[in-house]
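>>> 3D model of this:
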Amino acid sequence: MKALHFGAGNIGRGFIGKLLADAGAELTFADVSPALLDALNSRKGYNVHVVGEQATVEPVSNVNAVNSAGQDAINLIAEVDLVTTAVGPTVLEKIAPNVAKGLVLRHQQGNEKPLNIIACENMVRGTSQFKQHVFNALPEDEKAWVEAHIGFVDSAVDRIVPPAAAGSTDPLEVTVETFSEWIVDKTQFKGPLPEIAGMELTDNLMAFVERKLFTLNTGHAITAYLGQQAGHATIRDAILDEKVRLVVRGAMVESGEVLIRRYGFDPEKHAAYIEKILSRFENPYLHDDVERVGRQPLRKLSAGDRLIKPLLGTQEYRLPHENLVRGIAAAMHYRSEQDPQAKELVELLEKVGPKAALAQISGLPEEGEVVAQAVKIYESMH
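Take a look at the predicted model:
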């Protein structure tokens with residue numbers, strides 16, 4: 001199997017690229033960073049530090065790299081069997097034109113073999129959104145061929161990959177937690193299903209997408225926002241604070257009730273999943289800053305994301321949501337000099353006030369009960 005993976009960052013190298021290489025794929029990374037491209041091409045491999053109870057170093061070998069903005073990436077799309085991405089939600093649109101060119105070239109070269117594309121991004125149905133960007137860049141007369149031969153396969157990914165330790169000079173060094181989950185919608189593949197250890201196939205992807213969004217992502221964000229409020233620097237410090245932990249677990253239980261109603265999850269198994277997530281936040285080997293995890297508060301407070309979406313579910317099923325509301329209030333307090341969205345949030349709060357700002361960001365009714373509750377808590381947090 002030949003695979004092309006867009007994004008040679010920490011998640012690309014430490015998670016998706018590693019699984020593909022471990023499965024024996026002939027793997028090429030596509031990226032724009034000269035330092036990463038040079039290092040991957042000269043060394044053809046790198047080490048992944050897996051940290052948890054047993055720390056291990058797992059080598060990845062037989063890899064190379066091309067510039068994702070260049071012709072080499074386009075040429076590869078014409079011949080590989082699998083394309084994956086881990087570039088971040090906002091970059092998908094930027095790589096779409098080159099992917100479209102590669103698909104046109106594939107058609108011109110008469111390659112009728114099925115190709116599957118999987119966006120492994122921290123977003124709901126990311127590949128379907130990527131498909132829209134690719135189709136926007138395709139000539140009209142190519143769309144039917146692409147529809148027939150190319151599978152756009154949605155997935156849910158879960159692995160905590162913190163930034164490299166300060167002082168590390170090796171651009172390829174990457175640390176990951178032991179836990180990983182890559183769940184893929186088997187109904188969207190073209191051709192035979194690939195066999196890749198660590199890739200789980202499902203015909204009910206949304207159940208797993210929302211399980212991760214409502215548990216890991218919701219819990220992680222609330223830990224970061226309450227942690228910053230309480231003066232903690234890292235996720236571990238924050239989750240070991242009993243006051244923070246109480247709200248985080250409470251929010252995950254509230255969102256979990258929605259999942260249990262919506263998808264019929266087993267309550268005992270889901271409770272165990274929540275405890276597993278909490279223990280992952282405590283991992284002493286992962287130095288993850290609350291400021292990094294809290295980034296992009298406007299996106300995280302939007303209607304389809306980790307704070308508001310589970311809250312809307314609690315309203316749908318008439319379930320309690322006081323901890324989720326507390327998390328939303330804490331998110332409104334998020335501050336970071338490095339994050340443009342944090343600055344936008346501050347400007348919006350100053351311009352229109354917390355009530356109108358929250359309604360505008362989240363889509364919640366301005367005069368509704370939740371906005372009133374969140375604003376009351378937000379004001380008490382000063």
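
>>> what's around residue 312, how many residues?
Residues contacting residue 312 under the criterion other C-beta atoms under 10 Å number 17. Bear in mind the C-beta positions are built from the backbone N, C-alpha and C, glycine included.

>>> now it: how far from residue 177?
30 Å (C-beta to C-beta, to the nearest Å).

>>> also residue 219?
For residue 219 relative to residue 177 (C-beta to C-beta), the value is 14 Å.

>>> can you check residue 306 too?
19 Å.

>>> ok, the two, which is more surrounded?
Taking other C-beta under 10 Å, residue 306 and residue 177 do not tie; residue 306 has more neighbours (28 against 20).

>>> surely the more buried one and residue 218 touch.
Yes - Residue 306 is within contact range of residue 218, at 4.6 Å (criterion: C-beta atoms under 8 Å).

>>> now do the helix or strand hosting residue 48, average pLDDT.
In the assignment (DSSP states H and E), residue 48 maps to strand 45-51. Mean pLDDT, strand 45-51: 94.

>>> ok, and for it, which residues are buried?
46, 47, 48, 49, 50, 51 (16 or more other C-beta atoms under 10 Å).

>>> which SSE is immediately downstream of that strand?
For strand 45-51, the following helix or strand on the C-terminal side (DSSP H and E) is strand 56-61.

>>> output that next one as PDB, nothing but the C-alphas.
Provided in PDB are the C-alpha atoms of strand 56-61 (Å, rounded to 0.1, in the frame of the first residue of the first chain):
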ATOM      1  CA  THR A  56       8.700   3.200  25.300                       C
ATOM      2  CA  VAL A  57      10.500   4.500  22.200                       C
ATOM      3  CA  GLU A  58       9.000   3.200  19.000                       C
ATOM      4  CA  PRO A  59      10.900   3.800  15.700                       C
ATOM      5  CA  VAL A  60       9.200   4.700  12.500                       C
ATOM      6  CA  SER A  61      11.200   3.900   9.400                       C
END
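
>>> would you mind getting the angle between it and strand 45-51?
Strand 56-61 runs at 160 degrees relative to strand 45-51, counting by axes from the mean of the first three to the mean of the last three C-alpha atoms, to 10 degrees.

>>> helices and strands around strand 56-61, which ones?
Here strand 56-61 touches helix 17-22, strand 45-51, going by 3 or more C-beta pairs under 8 Å, 6 or more residues apart in numbering; DSSP states H and E.

>>> give me the contacts around it.
The contact list for strand 56-61 (C-beta atoms under 8 Å, 6 or more residues apart in numbering) reads 13, 17, 18, 21, 22, 44, 45, 46, 47, 48, 49, 50.

>>> show me which of those residues is closest to residue 360.
For those, the closest approach to residue 360 (C-beta to C-beta) belongs to residue 13, at 37.9 Å.

>>> how much space between the closest one and residue 174?
As for residue 13, its distance to residue 174 is 5 Å (criterion: C-beta to C-beta).

>>> identify the contacts common to those two.
With C-beta under 8 Å, 6+ apart as the test, residue 13 and residue 174 both reach 46, 48.

>>> any weak-confidence spans in the stretch 51-200 of the chain?
Within the stretch 51-200 of the chain, the stretches with pLDDT under 70 are 165-167.

>>> what about the strands in it?
Using DSSP state E, counting those that start in this stretch, the strands of the stretch 51-200 of the chain run over 56-61, 63-67, 82-85, 115-119, 150-153, 155-158, 174-177, 181-185, 199-202.

>>> those strands: which one's closest to residue 264?
strand 199-202 (14.2 Å).

>>> where exactly do the helices run in the stretch 1-150 of the chain?
Secondary structure of the stretch 1-150 of the chain (DSSP state H, counting those that start in this stretch): helices at 10-11, 17-22, 34-43, 71-77, 92-108, 126-137, 143-149.

>>> check the gap between the closest residue to residue 261 other than its chain neighbours and residue 363 for me.
Excluding the flanking residues, the one nearest residue 261 by C-beta to C-beta, 6 or more residues apart in numbering is residue 317, at 4.9 Å. Going from residue 317 to residue 363 by C-beta to C-beta gives 19 Å.

>>> do residue 122 as well
With the distance defined as C-beta to C-beta, residue 122 ends up 20 Å from residue 363.

>>> what's the answer for residue 226, then?
Counting by C-beta to C-beta, the gap from residue 226 to residue 363 is 23 Å.

>>> any chance of the helices and strands packed on strand 56-61 in JSON lines, plus distance to residue 329?
Below are these laid out as JSON lines (distance: least, C-beta to C-beta, whole Å):
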{"stretch": "helix 17-22", "distance to residue 329": "38"}
{"stretch": "strand 45-51", "distance to residue 329": "33"}
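
>>> residue 126: which of those is closest?
Residue 126 sits nearest to helix 17-22 of all the helices and strands packed on strand 56-61, at 17.0 Å, using C-beta to C-beta.

>>> contacting residues around the strand holding residue 48?
Residues from elsewhere that reach strand 45-51 (C-beta under 8 Å, 6+ apart): 13-14, 18, 39-40, 55-63, 172-178, 283, 285-286.

>>> before we move on, what about stretch 262-279?
The contact list for stretch 262-279, computed with C-beta under 8 Å, 6+ apart, reads 179, 204, 206-207, 210-211, 215-216, 219, 239, 245, 248-249, 252-253, 256, 259-260, 313, 317.

>>> give me the subset of these that lies in strands.
Among the contacts of stretch 262-279, no member falls in strands (criterion: DSSP state E).

>>> so which of these are in helices?
206-207, 210-211, 219, 239, 245, 248-249, 252-253, 256, 259-260, 313 (DSSP state H).

>>> would you mind measuring from residue 76 to residue 192?
To residue 192, residue 76 is 21 Å away according to C-beta to C-beta.

>>> higher neighbour count, the two?
Neighbour count, other C-beta under 10 Å: between residue 76 and residue 192, residue 76 has more, with 18 against 7.

>>> I'd say that one and residue 101 touch.
No - counting by C-beta under 8 Å, residue 76 stays clear of residue 101, with 11.4 Å between them.
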